[in-house]
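**Q** starting from these lines, generate the structure:
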Amino acid sequence: MIWMLAAAMAAALATVRAQAADPALAQARADYWRHPYRPDAINRLAVLLAARGEAGTASLLLSRALLISPGRADIRANLERVRRGERRIASSAPAAAMPAESEDALEPRLPAPWPQAEAPPSR
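**A** Predicted structure coming up:
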């Protein structure tokens, strides 16, 4: 029983060390968590995961990105490559993270959850 716990802890520690050694993957994960509905962030993370051999996770992420943005041919091509078992799915290196100042400009503005009160008449 104790050996199972020790093995699980060792595996978790190895995963944490591997992620710390790959700053591009850490940045892609952070971008994904900040913008979970942005197809570019999802695609970037999936490309890096596929290169690491995590095809199942990459396939799931790319399928999700395709549901969000069905017209993206690059995401569709990456998904097909992952399903064929290719580890290098992007034709070029993943894009760099987006600068913080441009995030607000790219985020779609959602309507208010309820009708907003009109401004009171001025007297």
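**Q** C-alpha only now, for contacts and for neighbours.
**A** OK.
**Q** phi and psi next, for the residue nearest to G53 when sequence neighbours are not counted.
**A** Using Cα to Cα, 6 or more residues apart in numbering and skipping the chain neighbours, the partner closest in space to G53 is R87 (6.3 Å). According to degrees, to the nearest 10, the main-chain angles of R87 amount to phi -90, psi -30.
**Q** all helices for this protein, in order.
**A** 2-21, 23-34, 39-51, 55-68, 73-84, 103-106 (DSSP state H).
**Q** and the average pLDDT for the second one is what?
**A** Confidence over helix 23-34 (mean pLDDT, whole number) is 94.
**Q** gap between the closest residue to A28 other than its chain neighbours and R29?
**A** Excluding its sequence neighbours, the residue lying closest to A28 (Cα to Cα, 6+ apart) is L45, at 5.1 Å. L45 sits 6 Å away from R29, taking Cα to Cα, to the nearest Å as the criterion.
**Q** neighbour-wise, which of these two wins?
**A** L45 (25 against 20; other Cα atoms under 10 Å).
**Q** so the more buried one touches Y32, yeah?
**A** Yes. With contact defined as Cα atoms under 8 Å, L45 and Y32 form a contacting pair (7.1 Å).
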